[in-house]
Each structure stands twice: as C-alpha cells, then as structure tokens.
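Novice: please work out how this folds:
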Amino acid sequence: MQTPVIVREFRAGLAAGDLLVQSCHDCGKPNMWPRYACPHCQSENLGWLKSAGTGTLHSFCVLRQGAPEGYEEDLPYAIGVVKLDEGVQLAVRLEPQSDGDWSAYQCDDRVEFVAVDAAQIEKRPCATFRRAVG
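Specialist: As a prediction, the model looks like this:
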C-alpha cells in the first residue's frame, strides 16, 4: 500500500528517528495531524519542523486483549494522547517499562519521543514515547 502524500514526510521523519510537526509558513503556528490547509489561517503554505519531542501525557490505555483486527500480535500495548511542548496533540504508542508493563505511567507525566527502527515504523507508523527521565 502506498503512503498517502499528506503523511509521507511525517512517516519518513519517524523512520529516520525524528518527530516532525506540520507548521504554517504564513502564520507560524504548528498543527497536527497533517492537513492540506492551516486550521488557523487557512493557508496552504505548510511545511515540517523537527519537534523537541517532549510533552505531557494527557491520557492512555493499555490494551491486553480485544485488539482491533491486524493488531492481535502486538498485545499487550499502550496508546496515549500526548500534548507536545509545541502545543499540538497526537496519538502515540507508549514504550513499556523495563519490566514490560506500563503501571508507572500516570496522566500528566512528562514524556519524551523515542526513535524506533524503520522496520517498526513501516509496520506501525506512529510515534513512540516513554516517561521522561529526571
């Protein structure tokens, strides 16, 4: 399946180990998920900026059973909503702790982007985050 043009740069960034955020060249405001026009000023003059990759975990869920079709082999896994320091929110995968669980995660935790290998991005093209150290 061919990658849709609107997310091609985002996914390429993830595969290269970078978290990219779409940004308007006219009003300077970031937005996520990618759009064809800026939601703030309606400009189509959009590009990509590298995110600092830090933010706040707003919510999360650990799936241990009942995964959607095609995701059964991933169980268990955790998904969450992160508000990046740049001001936009995105859905992410959460990296488990060293014991393979997510029990230490809490809403409002500081989190950071984790680069994963390109093969994993090809399979599941989404950003991965973990609890921030320190």
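
Novice: make it CA atoms for all contacts and neighbour counts henceforth
Specialist: Noted.

Novice: from Lys50, how far off is Gln89?
Specialist: According to Cα to Cα, to the nearest Å, Gln89 and Lys50 sit 15 Å apart.

Novice: repeat that for Leu84.
Specialist: According to Cα to Cα, Leu84 and Lys50 sit 12 Å apart.

Novice: the more surrounded of the two?
Specialist: Leu84 (21 against 13; other Cα atoms under 10 Å).

Novice: can you give me the pLDDT of that one?
Specialist: Predicted confidence (pLDDT) for Leu84: 97.

Novice: ok, the one 10 residues further on next?
Specialist: Reading off the per-residue confidence, Leu94 sits at a pLDDT of 97.

Novice: please report how far it lies from Asp108.
Specialist: Here the criterion is Cα to Cα. By it, Leu94 lies 14 Å from Asp108.

Novice: also His25?
Specialist: Summarising the geometry, the distance separating His25 from Asp108, computed by Cα to Cα, is 31 Å.

Novice: try Asp101
Specialist: For Asp101 relative to Asp108 (Cα to Cα), the value is 18 Å.

Novice: quick one: low-confidence ranges for this structure?
Specialist: Applying pLDDT under 70 to the chain flags residues 1, 134.

Novice: which parts of this structure are strands?
Specialist: For the chain, the strands identified by DSSP state E occupy 20-24, 30-31, 46-50, 54-63, 77-84, 89-94, 110-114, 128-131, in order along the chain.

Novice: quick one: which of those strands is nearest Leu14?
Specialist: Closest approach to Leu14 among the strands of the chain (Cα to Cα): strand 20-24, 7.6 Å.

Novice: contacts for the closest one next, please.
Specialist: Among residues not part of strand 20-24, those counted as contacts by Cα atoms under 8 Å, 6 or more residues apart in numbering are 9-10, 13-14, 29-34, 38, 43-51.

Novice: now list the buried members of these.
Specialist: Members of the contacts of strand 20-24 that pass the buried threshold by neighbour count (16 or more other Cα atoms under 10 Å) are listed as 9-10, 13-14, 29-32, 34, 38, 46, 48.

Novice: got CSV for the strands of the chain, with distance to Val5 too?
Specialist: Formatted as CSV, the entries for the strands of the chain read as follows, by distance: least, Cα to Cα, whole Å:
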stretch, distance to Val5
strand 20-24, 13
strand 30-31, 17
strand 46-50, 13
strand 54-63, 26
strand 77-84, 23
strand 89-94, 19
strand 110-114, 23
strand 128-131, 22
